[in-house]
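Novice: For reference, the sequence and a predicted model appear below.
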Amino acid sequence: MDTLDTYYTRPMSPPWSQPLDVDRLSAAEADIDFAVPLAELARLRAQLASVSGEVSGRVHFRRMADMAVAELMLSGTAHLVCQRCLQAMDVGVEAATQVGLIASEADADRVPEELEPVLAPNGRISVGELVEEELLLTLPIVPLHSEGEGGVCVVADTPAAATEERGEEVQRPFAGLAELLKRE
């Protein structure tokens with residue numbers, strides 16, 4: 001009876017979600033390439049009702065004036081829902097930024113003006129946290145189709161219009177209200 005027992009383990013978390021030692025990476029001037037699925041970023045999901053897509057890029061760590069600095073470059077496409085027509089829309093994401101990584105909020109005064117301060121508690125931060133922070137600043141809070149994307153949101157795609165297209169009766173409780181108000 002030579003059978004092997006199956007050993008189940010929890011799946012490993014992706015490399016971009018692992019906390020990294022920023023001092024060690026900065027001293028080595030390390031580069032980290034990444035590809036992050038947007039649906040995996042918890043704070044982004046909380047901010048936007050529906051988000052999918054992926055961003056990829058590179059983080060270059062270095063030191064500047066005795067401070068750990070991360071140079072983040074990312075690009076990709078976020079698939080969002082237009083809040084006017086509730087239809088899918090794609091938003092291109094291109095960003096390049098430099099952030100000063102600080103261990104506590106008290107260190108924020110040490111960050112040079114050209115850098116944004118980002119909290120790296122205990123000197124550790126994940127690439128996912130850097131990406132998530134930048135996307136929260138880059139993506140629209142209220143996604144809407146723009147005029148140049150093939151025009152304005154289509155009114156025919158509203159739920160009432162879709163119901164009429166299927167031949168179902170649409171109830172309009174205030175349709176005759178204007179006429180009732182004229183009688184008085």
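Specialist: Great, that's in hand. Numbering: from 1, shown residues only.

Novice: Just the strands from this protein, written as ranges.
Specialist: Secondary structure of the chain (DSSP state E): strands at 20-21, 31-37, 52-64, 67-81, 88-102, 116-119, 124-125.

Novice: Using CSV, list the CA coordinates for the third one.
Specialist: Taking C-alpha atoms only, strand 52-64 is exported to CSV below (Å, rounded to 0.1, in the frame of the first residue of the first chain):
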residue,chain,number,x,y,z
SER,A,52,-10.9,45.2,-11.8
GLY,A,53,-7.9,45.2,-14.2
GLU,A,54,-4.2,45.1,-13.5
VAL,A,55,-1.3,47.6,-13.2
SER,A,56,2.3,46.7,-13.7
GLY,A,57,5.5,48.6,-13.3
ARG,A,58,8.6,49.0,-11.2
VAL,A,59,9.7,50.3,-7.9
HIS,A,60,13.3,51.6,-7.5
PHE,A,61,14.5,52.0,-3.9
ARG,A,62,17.3,54.4,-3.1
ARG,A,63,18.5,56.8,-0.4
MET,A,64,18.2,60.5,-0.4
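
Novice: partners of that strand, with directions?
Specialist: Strand pairing for strand 52-64, determined by DSSP bridges: strand 31-37 (antiparallel), strand 67-81 (antiparallel).

Novice: I'd like the average pLDDT over that strand.
Specialist: Here strand 52-64 scores 92 as its mean pLDDT.

Novice: Next: the fourth one.
Specialist: Averaging pLDDT along strand 67-81 yields 92.

Novice: okay, the angle between it and strand 88-102?
Specialist: 170 degrees (axes from the mean of the first three to the mean of the last three Cα atoms, to 10 degrees).

Novice: Tell me the buried residues in strand 67-81?
Specialist: 67-72, 74, 76, 78-81 (16 or more other Cβ atoms under 10 Å). C-beta here means a position set from N, CA and C on the backbone, and glycine is covered the same way.

Novice: same question, the third one
Specialist: Applying a neighbour-count criterion of 16+ other Cβ under 10 Å, the buried positions in strand 52-64 are 53, 55, 57, 59-62.

Novice: Touching it from outside, list them.
Specialist: 22, 25-39, 68-79, 90, 93, 100, 112, 115, 127, 130-131, 135 (Cβ atoms under 8 Å, 6 or more residues apart in numbering).

Novice: what separates L144 from L119, distance-wise?
Specialist: L144 sits 31 Å away from L119, going by Cβ to Cβ, to the nearest Å.

Novice: pull the longest helix from this protein.
Specialist: Among the segments of the chain that qualify as a helix by DSSP state H, the longest is helix 127-138.

Novice: Make TSV from the buried residues of strand 52-64 and add distance to D107 to it.
Specialist: TSV is the format used below for the buried residues of strand 52-64 (distance: Cβ to Cβ, whole Å):
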residue	distance to D107
G53	34
V55	28
G57	26
V59	20
H60	21
F61	17
R62	17
